[in-house]
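Student: what follows is a protein structure lacking sequence information:
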Ligand code: PLP
């Protein structure tokens, strides 16, 4: 039997992020999501974490030169139809990535990763200002959770009614759209998508009593990037990605002694 290559290549999506040795978050979650959603996933690795279900035991950044070289290899030959950024670790890497992305015309989804669910820092505290000033203005969409909202804007959101002013403060930092993820509030998981032209969309999903949610942020941002690469408009891409992450959380499973990953095979 001969196997022929498909005539048309799938949409190409690039993740610029860190590796999770436990396979639940980071680059591993990104590539699994992209495979599940039918796009070709590519990666620029920024850092290597030693990580499992109990937390992050350590991480090592790659040199800026290695980040630059990976990016040029991918973009100059293969090209990208959407980009997603995740763990960027340091001021130097945030600056490097911002400089590389300034020429990209494809949609850019910035997941402003700060700390893991276990409370381990994945971004140096002094690099938050660089994310705010250099990276967010380049974002088509930024996808902070409430902890990252507080880091970036100083606004603490304690209830759903406080999400809109937080979104406005984030939009002032320059992204075209912002998705404020309310998953850490009690009740149904509500996310607010707000746009610079006054757009407002709410996405709600029933809360699943499943503690195995490692990798949710990475997965959601990658799913949005994948849907954008397929040509969906941004609100529709977020809607489809929200459906994907809701299924993946429902199917999250125990692994190791701590918090297991969301599942991509549901
Ligand atoms: N490890 C890496 C490399 C990540 O990029 C992230 C999140 O972006 C995490 C860990 C944290 O994942 P979680 O907060 O879902 O545990």
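Tutor: Arrived safely. Since the model is a prediction, treat every value here as computed from it, not as a measurement.
Student: distance check, residue 212 against the ligand.
Tutor: 10 Å (C-beta to the nearest ligand atom, to the nearest Å). From N, CA and C alone the C-beta is placed, and that goes for glycine too.
Student: repeat for residue 184
Tutor: Taken as C-beta to the nearest ligand atom, the span from residue 184 to the ligand is 11 Å.
Student: which residue packs closest to that residue, ignoring adjacent ones?
Tutor: Leaving aside its chain neighbours, residue 184 sits nearest to residue 146 (4.9 Å; criterion: C-beta to C-beta, 6 or more residues apart in numbering).
Student: tell me the phi and psi of the one you found?
Tutor: Residue 146 adopts backbone torsions of phi -70, psi -30, taken as degrees, to the nearest 10.
Student: do I have it right that it meets residue 189?
Tutor: No: using C-beta atoms under 8 Å as the test, residue 146 is too far from residue 189 to be in contact (11.7 Å).
Student: any common contacting residues for these two?
Tutor: Taking C-beta atoms under 8 Å, 6 or more residues apart in numbering as the contact rule, residue 146 and residue 189 both touch 182, 183.
Student: before we move on, the earlier item: so who does the residue nearest to residue 184 touch?
Tutor: Residue 146 touches 156, 157, 180, 181, 182, 183, 184, 185, counting by C-beta under 8 Å, 6+ apart.
Student: all strands for the stretch 101-250 of the chain, in order.
Tutor: Ranges of strands within the stretch 101-250 of the chain are 108-110, 141-142, 177-181, 189-195, 200-205, based on DSSP state E, counting those that start in this stretch.
Student: next to the ligand, which bits of the stretch 51-200 of the chain? Give me the list.
Tutor: Contacts of the stretch 51-200 of the chain with the ligand, taken as C-beta under 6 Å from any ligand atom, map to 51, 86, 87, 113, 116, 117, 122.
Student: if we use 5 Å, what do you get?
Tutor: 86, 87, 113, 116, 117 (C-beta under 5 Å from any ligand atom).
Student: just the buried members of those residues?
Tutor: Buried subset of these (neighbour count, 16 or more other C-beta atoms under 10 Å): 86, 87, 113, 116, 117.
Student: of the residues you listed, closest to residue 128?
Tutor: residue 113 (11.0 Å; C-beta to C-beta).
Student: can you pull the contacts of the closest one?
Tutor: Residue 113 touches 17, 18, 86, 87, 88, 122, 123, 148, 217, 218, counting by C-beta under 8 Å, 6+ apart.
Student: at 10 Å instead, please
Tutor: 17-18, 25-26, 85-89, 121-123, 131, 143-145, 148, 217-218, 221 (C-beta atoms under 10 Å, 6 or more residues apart in numbering).
Student: what of residue 222?
Tutor: Contacts for residue 222 (C-beta under 10 Å, 6+ apart) come out as 13, 15, 17, 27, 29-34, 36-37, 39, 41, 82, 84, 86, 109, 111, 215, 241, 244-245.
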